[in-house]
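Engineer: Can you look at this prediction? I've put the sequence above it.
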Amino acid sequence: MPAGAQVFSVGGAVRDALLGRVSDDEDFVVVGASPEIMLAAGFRPVGKDFPVFLHPHTQAEYALARTERKSGRGYHGFTFHAAPDVSLTQDLARRDLSINAMARDSCGNIIDPFGGQRDLRDRVLRHVGPAFAEDPVRILRLARFAARFSDFSIAKETVALMRAMVQAGEVDHLVAERVWQELAKGLQEAKPSRMFEVLRECGALARLLPEVDALFGVPQRAEYHPEIDAGVHTLMVIDQAARHAHSLSVRYAALCHDLGKASTPAELLPRHHGHEGRSVNLCKSMSQRLRVPNECRELAVLVAREHGNVHRAHELKASTVVDLLERCDALRRPQRFAELLAACQCDFNGRLGWEDRPYPQRAYLQTLLQAVRSVNAGEIAVASTSCASIPERIRRARIAAVRAVLQNTSEEPEQT
């Protein structure tokens, strides 16, 4: 370390250590140094917006203590000041939550100027100070932490501040990439439903994800959805995906699968005929707006379109099963088809009292896919006298393979 400088571990590593959790990484703040001093000590600069350096040996990140000042709207509207005279307390004051605004010195002493240890003990998420309102990303970050620490409450004054930020239009200036980044992290937490509950409570969900927000208050048939509310059902589905540690793609598909129910004509309620097609359109537009990665978007569209057919798998005749498998590109992309089935099971189990019901459709369709994949298309092509007849001969062979399985199964259809 440069002579005269002090180094502190800050943020999540300190918080997680106090909670007895393993931290993924550790951040360091250097007090009493300048960029020139860090460079002279062999550190390599990597920060674009403010001075961050890599340790010459460990490659760990070290940031200079800094203050920040709001200079515009949204996430990028800040100017930073990093200098040897910036204190540790000044640096911690710019952080989002009290539980993230603690530091630990080289002797293991905790520096806690904003009551982070108290809030950890009381299980409260509380903003550090008025600077929280200057960065709308912090609303998303707090919602994400609520999904991670699902037994924590949110301080009333923090909820009030977030509502004021939403009403002031701050979240409207967030860039799509940053919104998706935080949503993706939140979806991968232990209880992702909490993230959406928090965003809805402060009004941010309607601004950032109006397609999801519109689901709340939409009724469904009680015999198939004892929880009634389509928004509540959606949150139960994403929690099922988290419960089974499914991929981000499956979790995002769980979020999007029923978006079309919000646009069901009132005279049809609580039935939702044709909601799959409407869900596909809304899923595509929402994914495009958020710039969702292709693998997430593609699976979400597939689940939105096909989840009803998967639920009715035992009612489908052999030719319809083959149509479904081919439409899903299951022969070329069996892993994506497996994720489709996983998302459909989350949809089935994401209902009040249905959380542990068996879902035989998943194994059933996997069995039928294996039967279809056992058909040797190459042999059929070689044996064919006309190229024009090859696709139809392959299709007939696949249908026959499925029919052979269906004739040997006695499983009862599962109502959905």
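Structural biologist: Done, it's in. What you see is a predicted model; the values in this text were computed from it and never measured.
Engineer: If we ignore the residues flanking it in sequence, what's nearest the most centrally placed residue in the chain?
Structural biologist: What sits nearest the mean C-alpha location of the chain, by Cα atoms, centre = their mean, is Leu187, with 2.5 Å. Closest residue in space to Leu187, ignoring its immediate chain neighbours: Arg251 at 4.4 Å, by Cβ to Cβ, 6 or more residues apart in numbering. Heads up, the C-betas are built off the backbone N, CA and C, glycines and all.
Engineer: Enumerate every residue touching that neighbour.
Structural biologist: Counting by Cβ atoms under 8 Å, 6 or more residues apart in numbering, Arg251 makes contact with 187-188, 192, 238, 241-242.
Engineer: do His275 as well
Structural biologist: Contact partners of His275, counting by Cβ under 8 Å, 6+ apart, are 258, 260-261, 263-264.
Engineer: Let's see which of those residues end up in strands.
Structural biologist: In strands, judged by DSSP state E, none of the contacts of His275 are found.
Engineer: still on that earlier bit, can you tell me which of the contacts of Arg251 lies closest to Asn100?
Structural biologist: Nearest to Asn100, judged by Cβ to Cβ, of those is Gln188 at 18.7 Å.
Engineer: Compute the number of surrounding residues for the closest one.
Structural biologist: 19 (other Cβ atoms under 10 Å).
Engineer: how near is the nearest residue to it once chain neighbours are set aside to Leu174?
Structural biologist: Spatial nearest neighbour of Gln188, chain neighbours left out: Leu248 (5.8 Å); criterion: Cβ to Cβ, 6+ apart. To Leu174, Leu248 is 20 Å away according to Cβ to Cβ, to the nearest Å.
Engineer: what does Pro360 give?
Structural biologist: 43 Å.
Engineer: Which of the two has more residues huddled nearby?
Structural biologist: Leu174 (22 against 15).
Engineer: Chain neighbours aside, what residue packs nearest to that one?
Structural biologist: Closest to Leu174 by Cβ to Cβ, 6+ apart is Pro136, at 5.5 Å.
Engineer: Surely that neighbour touches Gly169?
Structural biologist: No - if you go by Cβ atoms under 8 Å, Pro136 and Gly169 don't touch, sitting 9.2 Å apart.
Engineer: Those two: which has the busier surroundings?
Structural biologist: Shown here are Pro136 and Gly169; by other Cβ under 10 Å, Pro136 has more neighbours (28 against 12).
Engineer: Can you pull the phi/psi pair for the more buried one?
Structural biologist: The phi/psi pair for Pro136 (degrees, to the nearest 10) reads phi -70, psi -20.
Engineer: quick one: the nearest residue to Glu61 once chain neighbours are set aside from Gly12, how far?
Structural biologist: Of all residues not flanking Glu61 in the chain, Val52 sits nearest, at 5.6 Å (Cβ to Cβ, 6+ apart). Distance, Val52 to Gly12, using Cβ to Cβ: 16 Å.
Engineer: same deal with Cys256?
Structural biologist: Cys256 is 30 Å from Gly12, where distance means Cβ to Cβ.
Engineer: Which one's more surrounded, these two?
Structural biologist: Between Cys256 and Gly12, counted using other Cβ under 10 Å, Cys256 has the larger neighbour count: 30 against 18.
Engineer: going on from the worst-scoring helix or strand of the chain on mean pLDDT, what's the next piece of helix or strand?
Structural biologist: Here the helix or strand of the chain ranked lowest by mean pLDDT, DSSP states H and E is strand 78-82, holding a mean of 67. Proceeding N to C from strand 78-82, the next assigned helix or strand is helix 88-93, under DSSP states H and E.
Engineer: What is that following helix packed up against?
Structural biologist: Contact analysis of helix 88-93 by 3 or more Cβ pairs under 8 Å, 6 or more residues apart in numbering; DSSP states H and E lists strand 6-10, strand 27-31, strand 66-70, strand 110-111 as its packing neighbours.
Engineer: Lowest average pLDDT across the ones you listed?
Structural biologist: Mean pLDDT per stretch puts strand 66-70 lowest among these, at a mean of 72.
Engineer: one step back: just send the contacts of Arg251 back as CSV, with pLDDT, secondary structure and distance to Arg207 too.
Structural biologist: CSV is the format used below for the contacts of Arg251 (pLDDT from 0 to 100; DSSP: H, G, I helix; E, B strand; the rest coil; distance: Cβ to Cβ, whole Å):
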residue, pLDDT, secondary structure, distance to Arg207
Leu187, 98, helix, 18
Gln188, 98, coil, 23
Pro192, 98, coil, 19
Ile238, 98, helix, 20
Ala241, 98, helix, 24
Ala242, 98, helix, 24
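Engineer: Just the closest of these to Ser87, please.
Structural biologist: The closest of these, once distances to Ser87 are taken by Cβ to Cβ, is Gln188, at 35.3 Å.
Engineer: any weak-confidence spans in the protein?
Structural biologist: 1-3, 47-50, 69-80, 384-385, 387-388, 410-416 (pLDDT under 70).
Engineer: what does the domain assignment say about it?
Structural biologist: Here the domain parsing of the chain from automatic domain parsing is 1-115, 247-416.
Engineer: just checking, Leu97 touches Arg126?
Structural biologist: Yes - shown here, Leu97 and Arg126 form a contact pair, counting by Cβ under 8 Å, at 6.4 Å.
Engineer: circling back: the residue nearest to Gln188 contacts Cys296, correct?
Structural biologist: Yes - the pair formed by Leu248 and Cys296 meets the contact definition of Cβ under 8 Å, at 6.3 Å.
Engineer: Compare these two and say which one has the larger neighbour count.
Structural biologist: Cys296 (23 against 18).
Engineer: which residues touch Arg357?
Structural biologist: Counting by Cβ under 8 Å, 6+ apart, Arg357 touches 348-349.
Engineer: Kindly recompute the last result at 7 Å.
Structural biologist: Neighbour list for Arg357: Asn349 [criterion: Cβ atoms under 7 Å, 6 or more residues apart in numbering].
Engineer: Would you list the phi and psi of it?
Structural biologist: The phi/psi pair for Arg357 (degrees, to the nearest 10) is phi -70, psi 140.
Engineer: again with Val52
Structural biologist: Val52 adopts backbone torsions of phi -130, psi 140, taken as degrees, to the nearest 10.
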